[in-house]
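> what's the 3D shape of this:
(3 chains)
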Amino acid sequence: MLQTTRIKQLIHNGVLIPTYEPQSFTIRYKGKELSLTPEQEEIAVAWVKKLGTDYVKDPVFARNFVENFSKTLGVETNSKIEDFDFSEIQRWVEQEKIKKENMSREERKALAEARKKIREANKEKYGYAVLNGERVEIGYTVEPPSIFMGRGKHPFRGRWKPRVGYGDIILNLSPDVPTPTPPDGKHWKERVFDPNAMWIAKWQDKLGGEIKYLWIADTARFKQEREIEKFNKARELNEFVERIRQHIKEGLFSEDITQRKIATVSYLIDNLKMRVGDEKDKDEADTVGAVTLRGTHIKIDPSGQVKFDFLGKDSVKWVRVIRPPTQVVSNLNSFIGKPRAPIFSGVRSEHVNAFLGQVMPGLTAKVFRTYHASKSVKEYLANSKILPKDSDFEKKYVAKMANLEAAITCHHKRKLPKNWKESLKNKVNKLKTLKAKLNEVKEKSRSSSRAKRIKSFQERIRTARLNVNLTKTTRDYNLGTSLKSYIDPRLYVKWAREVSYDWKKIYPKTLQRKFAWAEDR
DNA sequence: TTCGTGACTTAGAAAGCCGGAC
DNA sequence: GTCCGGCTTTCTAAGTCACGAA
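Purely as a prediction, here's the structure:
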């Protein structure tokens, strides 16, 4: 990995571990009252807070929880959720909710104020580091214990992810500073200095075993250098893309079956913007990407039409029908074996990346997604025909629609928001009302301001119409991920300048800061 | 060359907050 | 002035990829 800046100095105050206030609750197990240790209570409260969600209706989620909780309590691990009576905790949770709902405006405000104060104090204490003499923002809150909320059919969903203690945490600090003091008598696991690393602290997750980190924030210049490199790499692909495609085309016809497989995978990555899809553990949800596709995920009909149907990252359903070149179809046909067998067996991401790197040094699979997403935005903006004299709303609309193009390109789906339908209806009604009012003015008004009023209505109608369109077209797409991670911000900055629009209106506050570098490039 | 895993990036859901409609 | 919908932020899971060891 390219390392532009080495860290010589890294100073910070350690990390914040959220605490839990035990309330001395009891529960009933098979009718018998049990008092709980603070940890047991924390687990029980977490469960009660999930009641009423779809998660607890999932039998695996519930079974995993019960098995885990029973073990912690020392009761039979084959207990059922019905064996537990959490009503005391439920009552408390309910009361807290009612208390909050009945609060006066002032009380609510005061509470929010107090929360903010604590948040700011914590941020002041832990939220900054000195990195090579520069004050930068850092992540500082350690994950609190919680019920594991794996996506899709993750086999661990519902299990308890235990508390992380000071003794679990490794701090990254340069040698020239003292170790931050943990609370009374506690000790850090270790203190190290890695001048090439971007992490502040790390620990091993006790449930899944993976390493978790706290990072230098996106607002830090140090972090932004990486970001710039990423987008520059995607720009570079623009120069190489025809040569890459030629390379892929030749590979599709290779004598060597592995080469043919790698080239076919590369074709999918470039054309369908698929992720490469490395091998996963059995202890995870069964999702795939290009190299891990199995026979069941592809249907080829005799006409040469190919249908892909699988679960991708985060168990998002991915369905596409394409009509690829005949060589791709015949390759796929020859690779597909048993339904459950991997189509591209023997091929992993490292092979794909090595193959791509033969044409453009440093090119990897994921660069294609950045390249295609940014390209779709660039083209949408270029074709938009927006002029400086157009309204801010129209400019914002075009920026959003370009963003949508990127989200579609990357297949960033979301589940339909609960009130989506109603929200759309409201917007449609609003449009109708405006139209009716316009007609009324046209028919009845004789006043001197008639023309002016008509014009104003026409403008409002145009805005309302765009608003309806936006709600309809963005429907089940999540625009945030592409805006944050895939669209080269320089594209928006440049376009905004051309149409006299403030580029900052395209981004929320945090992203404006993350992309501050784009302004002068 | 493969394999395991540490480091870093990308991801959607949910919480939280804020400003526009009434 | 208030309320609530929707946007923003937070949270942490789930990817990618490089690297070291066998």
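> Tell me if the lengthiest helix in chain A is near DNA strand B.
As assigned by DSSP state H, the longest helix anywhere in chain A is helix A:221-252. Yes - residues of helix A:221-252 contacting DNA strand B under Cβ under 7 Å from any atom of the strand: A:Lys223, A:Arg226, A:Glu227, A:Lys230. Yep, even glycine has a C-beta here, placed from its N, CA and C like the rest.
> Using TSV, lay out the residues you listed together with neighbour count and distance to A:Leu34.
Listed next are these as TSV, based on neighbours: other Cβ atoms under 10 Å; distance: Cβ to Cβ, whole Å:
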residue	neighbour count	distance to A:Leu34
A:Lys223	18	48
A:Arg226	15	51
A:Glu227	17	51
A:Lys230	17	53
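> Would you mind reformatting those (as TSV) and adding columns for distance to A:Ile170 and pLDDT while you're at it?
Formatted as TSV, the residues of helix A:221-252 next to DNA strand B follow (distance: Cβ to Cβ, whole Å; pLDDT from 0 to 100):
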residue	distance to A:Ile170	pLDDT
A:Lys223	20	93
A:Arg226	22	93
A:Glu227	26	95
A:Lys230	27	96
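> quick one on the thing from earlier: of all the residues in the longest helix of chain A, which ones are buried?
By 16 or more other Cβ atoms under 10 Å, the buried positions in helix A:221-252 come out as A:222-224, A:227-228, A:230-231, A:233-234, A:236-237, A:240-241, A:244, A:247-248, A:251-252.
> what's the answer for stretch A:288-296, then?
For stretch A:288-296, using 16+ other Cβ under 10 Å, the buried residues are A:Val288, A:Gly289, A:Ala290, A:Val291, A:Thr292, A:Leu293, A:Arg294.
> likewise stretch A:252-260?
Buried-residue list, stretch A:252-260, by 16+ other Cβ under 10 Å: A:Leu252, A:Gln259, A:Arg260.
> Among the residues of helix A:221-252 next to DNA strand B, which one lies nearest to A:Asn64?
A:Asn64 lies nearest to A:Lys223 out of these, by Cβ to Cβ, at 36.1 Å.
> returning to what we had before: within reach of DNA strand C, which of the buried residues of stretch A:252-260 are there?
Answer for the buried residues of stretch A:252-260 near DNA strand C: none qualify (Cβ under 7 Å from any atom of the strand).
> okay if I get these as TSV plus pLDDT?
Converted to TSV, these look like this (pLDDT from 0 to 100):
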residue	pLDDT
A:Leu252	96
A:Gln259	95
A:Arg260	96
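> any idea which of the residues you listed is closest to DNA strand B?
For the buried residues of stretch A:252-260, the residue nearest DNA strand B by Cβ to the nearest atom of the strand is A:Gln259; the value is 12.1 Å.
> And the closest one, its phi and psi?
Per-residue torsions, A:Gln259: phi -60, psi -40 (degrees, to the nearest 10).
> what's the burial count for whatever residue of the stretch 201-350 of chain A ends up closest to DNA strand C?
Nearest to DNA strand C in the stretch 201-350 of chain A, going by Cβ to the nearest atom of the strand, is A:Arg275, at a distance of 3.0 Å. Neighbours of A:Arg275 under the rule other Cβ atoms under 10 Å: 24.
> That one - nearest residue in space that isn't next to it in sequence?
Distance criterion Cβ to Cβ, 6 or more residues apart in numbering; nearest residue to A:Arg275, sequence neighbours excluded, is A:Gly289 at 4.0 Å.
> could you list every residue that touches A:Thr179?
If a contact means Cβ atoms under 8 Å, 6 or more residues apart in numbering, then A:Thr179 has A:Leu171, A:Leu173, A:Trp188, A:Arg191 as its contacts.
> That one looks like it's in a helix, true?
No - read with DSSP: H, G, I helix; E, B strand; the rest coil, A:Thr179 is coil and lies in no helix.
> State the distance from it to DNA strand C.
24 Å (Cβ to the nearest atom of the strand, to the nearest Å).
> now that residue: how far from DNA strand B?
Distance from A:Thr179 to DNA strand B, by Cβ to the nearest atom of the strand: 19 Å.
> And the strands in the stretch 251-400 of chain A, which stretches?
In the stretch 251-400 of chain A, the segments counted as strands under DSSP state E, counting those that start in this stretch are A:298-300, A:306-311, A:317-322.
> In JSON lines: those strands, plus mean pLDDT.
Listed next are the strands of the stretch 251-400 of chain A as JSON lines, based on pLDDT from 0 to 100:
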{"stretch": "strand A:298-300", "mean pLDDT": "96"}
{"stretch": "strand A:306-311", "mean pLDDT": "97"}
{"stretch": "strand A:317-322", "mean pLDDT": "96"}
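> Distance to DNA strand B and mean neighbour count for these - can I get that in a markdown table?
What follows is the strands of the stretch 251-400 of chain A, written out as a markdown table (distance: least, Cβ to the nearest atom of the strand, whole Å; neighbours: other Cβ atoms under 10 Å):
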| stretch | distance to DNA strand B | mean neighbour count |
| --- | --- | --- |
| strand A:298-300 | 21 | 15 |
| strand A:306-311 | 11 | 17 |
| strand A:317-322 | 10 | 13 |
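> Let me know which of the ones you listed is the nearest to A:Ser146.
Across the strands of the stretch 251-400 of chain A, closest to A:Ser146 is strand A:306-311 (Cβ to Cβ), at 24.1 Å.
> can you dump the C-alpha coordinates of that closest one into PDB?
In PDB, the C-alpha atoms belonging to strand A:306-311 read as follows (Å, rounded to 0.1, in the frame of the first residue of the first chain):
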ATOM      1  CA  VAL A 306     -27.600 -14.900 -18.600                       C
ATOM      2  CA  LYS A 307     -29.400 -14.300 -15.300                       C
ATOM      3  CA  PHE A 308     -27.500 -13.600 -12.100                       C
ATOM      4  CA  ASP A 309     -29.300 -14.100  -8.800                       C
ATOM      5  CA  PHE A 310     -27.400 -14.200  -5.500                       C
ATOM      6  CA  LEU A 311     -26.900 -12.400  -2.200                       C
END
